[in-house]
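Enquirer: Quick one: sequence plus predicted model below, questions after.
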Amino acid sequence: MALLGAQLVITLIMISIIQKLGPYFSFAKFLLCSTGLVRYLYPTDDELKEVANIPKDKHKNRKGKQQNGKVDSFHIPRSLEIDLKTAKVTQLDVIHLRFYAEYQWLVDFAIYSCLVYVITEIYQNFFSLKDEMNLSMMWCTLVLIFAIKLLFSLTVQYFKADESVGERSTCLVMGFVYLLIAMMILIVDENILEIGLQTAYKSFNDSASTFLNQQGLNSSGPASKIIIQFFLAIFGALLGAVFTFPGLRIARMHWDLLKLHRKNKTIQTLLNLSFALPFLLVVAWIKPFSRHYLTVRIFSGMTSPLLSNDSFEILRLIFIILTVIIKIVLMPVYLQAYLDMAYHRLEEQKKEAGRITNIDLQKKIAAVFYYLCVVTLQYIAPLILIIYFAFMYKTLGGFSWNGLLGNQNLEECPANSFEQTNLEGEDNIQNSAHQFHLAIENLKNVFTPQVFKGLFGFGTWWSCFLYFTTTSIGMIYQSYFTQS
């Protein structure tokens, strides 16, 4: 009996590839350093003095400090005409940035996990995984944990800084708002929003009750539906809180891109279409607007609906994958829009009256590039969450890429199917293997494909919903303050 089979070989090969290829090639590094990103260099003290007609200090040493060890500080007019120099972003520039190591690990591990998932899906298409664990789901779970952890780490920074009172208030308010929205979503009828949680709860409750009764425990169900919905709402609220500032940041970059290309209607249209893709994903789960028209309604001149139910499910998943790919392809364009903030900050400063110190001016320009990896994480981490929720929804939900339900891979086994196995003569390792496999089979009986379909269906739809709502709120924010 194969517990892991060929999947263990796939995992070991991928771990070896990570160890051998990781130090030499990084997709995360490629996105930042090989896509033509350009950063703005802050002006040096000598350049500022030359533009402002300030005499240079003869006692200043080569490191830019006075002989007494103090940094040279002087005031210049805010309206001073300064031309910023540019330089291409290189590996030596980004390697010391904050959260660069976390960003590189998340993106690279997500790529390797995606390869494991694709290879496993191809293998599963030819060979059944009936007696094997799907190890690609463990890789996907780790990616989800890393992505959520990093989003929480970025959000916690707003609670550590004393000057981030407004950001803390925004996170708390949005968390409570999304808690209310999640509680409302969880009670919506399945005929309107087909997340599948009601079917998932019924399947889990029935299978868990059967399992407990077989163990001699009388139970009508291990958990109340209200309690499960409450914890799902809490999870949705926390996820909404950590999605808030990534959504606002993406909206700001999108707004800057629209202003940059305001004379090119074609590029504006393409940008707005890419921005609206998450909304289409949200609508794809609203049954009257999506499934009814594609799988139930028969249009004039046709004898059957456009799609079957299984084909609709797979088409929806493919649409999610294409949306994420489009967003990642556009990522360098959005990051360049963020780096251009240094130029826009200086241009806005020129319209102000008064004076500013050279140190404050240099910090204002340098801070943009300093937070590049933070912004990159805010852009890509939500996309990773969405696509890996979709991966787990497809596989654990029992779907096949051919559009047919693949429940044979998650087939339920009788609770006593392995109890009659003759274990005499086997050593301790074989006994442990059989006990482990028996435990897995029992879990399969409780956590059926319907249960996973409901849980990861909610996770997938809720992530798409959060992505769309947070970016939309950011666009409303930009529009309001720009016009005012």
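Expert: Received the coordinates, thanks. What you are looking at is a predicted structure, and each value in this text was computed from that prediction instead of being measured.
Enquirer: Next SSE downstream of the lowest-mean-pLDDT helix or strand in the chain?
Expert: Lowest on mean pLDDT, DSSP states H and E among the helices and strands of the chain sits helix 428-446, with a mean of 62. As assigned by DSSP states H and E, the chain's next helix or strand after helix 428-446 is helix 449-483.
Enquirer: just how off-centre is that next one within its chain?
Expert: 11 Å (Cα atoms, centre = their mean, to the nearest Å).
Enquirer: Surely residue 280 touches residue 319?
Expert: Yes. With contact defined as Cβ atoms under 8 Å, residue 280 reaches residue 319; the gap is 7.4 Å. Quick note: C-beta positions are derived from backbone N, CA and C, even for glycine.
Enquirer: So for those two, which residues contact both of them?
Expert: Residues touching both residue 280 and residue 319 by Cβ atoms under 8 Å, 6 or more residues apart in numbering: none at all.
Enquirer: and the residue nearest the centre of the chain, what element?
Expert: Central residue of the chain (Cα atoms, centre = their mean): residue 382, 2.2 Å from the mean position. In this structure, residue 382 sits in helix 372-396 according to DSSP H and E.
Enquirer: quick check: angle from that helix to helix 449-483?
Expert: Inter-element angle recorded for helix 372-396 and helix 449-483: 150 degrees (by axes from the mean of the first three to the mean of the last three Cα atoms, to 10 degrees).
Enquirer: average model confidence for helix 372-396?
Expert: In this model, helix 372-396 has a mean pLDDT of 94.
Enquirer: Which secondary structure elements does that helix sit against?
Expert: helix 27-33, helix 100-126, helix 135-160, helix 225-260, helix 309-329, helix 331-339, helix 449-483 (3 or more Cβ pairs under 8 Å, 6 or more residues apart in numbering; DSSP states H and E).
Enquirer: Now do it against helix 225-260, angle only.
Expert: 130 degrees.
Enquirer: thinking again about what came up before, will you turn the helices and strands packed on helix 372-396 into a markdown table that also has distance to residue 9 and mean pLDDT?
Expert: Listed next are the helices and strands packed on helix 372-396 as a markdown table, based on distance: least, Cβ to Cβ, whole Å; pLDDT from 0 to 100:
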| stretch | distance to residue 9 | mean pLDDT |
| --- | --- | --- |
| helix 27-33 | 24 | 91 |
| helix 100-126 | 10 | 92 |
| helix 135-160 | 10 | 92 |
| helix 225-260 | 35 | 92 |
| helix 309-329 | 26 | 92 |
| helix 331-339 | 33 | 94 |
| helix 449-483 | 25 | 89 |
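Enquirer: Nearest approach to residue 13 belongs to which of those?
Expert: Closest to residue 13 of these is helix 100-126 (Cβ to Cβ; 8.9 Å).
Enquirer: how about the closest one: buried residues?
Expert: 100, 102-104, 106-117, 119-121, 123-124 (16 or more other Cβ atoms under 10 Å).
Enquirer: before we move on, what about stretch 86-98?
Expert: So stretch 86-98, judged by 16+ other Cβ under 10 Å, has buried residues 89, 93-94, 97.
Enquirer: Also stretch 476-483?
Expert: Under 16+ other Cβ under 10 Å, the buried positions of stretch 476-483 are residue 478.
Enquirer: List the contacts of it.
Expert: So stretch 476-483 is contacted by 248, 251-252, 255 (Cβ under 8 Å, 6+ apart).
Enquirer: Over to stretch 160-178?
Expert: With Cβ under 8 Å, 6+ apart, stretch 160-178 has contacts from 155, 157-159, 236-241, 244-245, 466, 470.
Enquirer: If we use 6 Å, what do you get?
Expert: 158-159, 237, 240-241, 244 (Cβ atoms under 6 Å, 6 or more residues apart in numbering).
Enquirer: could you flag which of those are buried?
Expert: Counted by 16+ other Cβ under 10 Å, the contacts of stretch 160-178 give 158, 237, 240-241, 244 as buried.
Enquirer: Of the residues you listed, which pair is most distant in space?
Expert: Maximum distance among the buried ones among the contacts of stretch 160-178 (Cβ to Cβ): 16.5 Å, for 158 and 237.
Enquirer: Next, residue 134: phi, psi?
Expert: phi -90, psi 100 (degrees, to the nearest 10).
Enquirer: What is the neighbour count of it?
Expert: Neighbour count for residue 134, taken as other Cβ atoms under 10 Å: 19.
Enquirer: if I look at it, how far off is residue 457?
Expert: Distance, residue 134 to residue 457, using Cβ to Cβ, to the nearest Å: 18 Å.
Enquirer: still on that earlier bit, which one of the buried residues of stretch 86-98 sits closest to residue 17?
Expert: residue 94 (23.4 Å).
Enquirer: Contact partners for that closest one?
Expert: Contacts of residue 94 by Cβ under 6 Å, 6+ apart are 32, 100.
Enquirer: helix or strand for the closest residue to residue 135 other than its chain neighbours, which one?
Expert: Leaving aside its sequence neighbours, residue 135 sits nearest to residue 7 (Cβ to Cβ, 6 or more residues apart in numbering; 4.4 Å). Using DSSP H and E, residue 7 maps to helix 6-21.
Enquirer: So which other helices or strands are in contact with that helix?
Expert: helix 100-126 (3 or more Cβ pairs under 6 Å, 6 or more residues apart in numbering; DSSP states H and E).
Enquirer: If you count contacts, what does the helix it packs on end up packed against?
Expert: By 3+ Cβ pairs under 6 Å, 6+ apart, helix 100-126 packs against helix 6-21, helix 27-33, helix 135-160, helix 372-396.
Enquirer: Could you report the distance from the nearest residue to residue 296 once chain neighbours are set aside to residue 289?
Expert: Excluding its sequence neighbours, the residue lying closest to residue 296 (Cβ to Cβ, 6+ apart) is residue 305, at 6.0 Å. Distance, residue 305 to residue 289, using Cβ to Cβ: 15 Å.
Enquirer: Specify which residue of those two has the higher count of neighbours.
Expert: Shown here are residue 305 and residue 289; by other Cβ under 10 Å, residue 305 has more neighbours (18 against 13).
Enquirer: who touches the more buried one in this structure?
Expert: 295-296, 298.
Enquirer: redo that, cut-off 8 Å
Expert: Applying Cβ under 8 Å, 6+ apart, the residues contacting residue 305 are 294-298.
Enquirer: what does residue 28 give?
Expert: Here residue 28 is in contact with 103-104, 106-108 (Cβ under 8 Å, 6+ apart).
Enquirer: before we move on, what about residue 291?
Expert: The contact partners of residue 291, taken as Cβ under 8 Å, 6+ apart, are 194, 309, 312.
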